[in-house]
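In: Attaching a predicted model along with its sequence, questions to come.
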Amino acid sequence: MTVLTSILVFLHVLGAAAIVGGWFARFKTPTVLPIQLWGAIAQLVTGLALVGILEATGSPSAAFHIKIGVKIIIAIAVLVPAIIGYRKAAAKQEVPTGLAHAVGGMALINIAVATLWSV
């Protein structure tokens, strides 16, 4: 189980890097890149898998459940604009600046919640 958890954590961090890295790369001319969409999907899927493993093997506290609830809401707030922005970019339409920055900014907030909120 430790190997699986380590692989999931690796993929989770890689997803965050894809979102934020893509955001930084296109900060002056904001858009949503395909790598950001895939990173958002990876974040949500691996995050849910990690929580599932922890629930199955340990006994998380109520504070943990609150933190995970907040992180899931933020992850959805990253994924939805990533999908919308990617579809607009793929259709050669202009991606609104706020939408593109929402993807990267909310991902950055999710990273801050993960690292700064100790349970």
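Out: Structure received.
In: Any regions of this structure where pLDDT drops low?
Out: Low-confidence segments of the chain, defined by pLDDT under 70: none present.
In: Where do the helices of it begin and end?
Out: Assignment of helices within the chain using DSSP state H yields the ranges 2-25, 34-57, 62-90, 97-116.
In: Show me which residues of the last one are buried.
Out: Applying a neighbour-count criterion of 16 or more other Cβ atoms under 10 Å, one finds L99, A100, A102, V103, G104, G105, M106, A107, L108, N110, I111, A114 buried in helix 97-116. C-betas here are computed from N, CA, C, even on glycine.
In: cool, the third one as well?
Out: Residues of helix 62-90 classed as buried by neighbour count (16+ other Cβ under 10 Å): 64, 67-68, 71, 74-75, 77-79, 81-82, 84-86, 88-89.
In: Look at the residue lying closest to T46 once chain neighbours are set aside and say how many residues are nearby.
Out: Nearest non-adjacent residue to T46, counting by Cβ to Cβ, 6 or more residues apart in numbering: H12, 4.2 Å away. Per other Cβ atoms under 10 Å, the neighbour tally for H12 reads 20.
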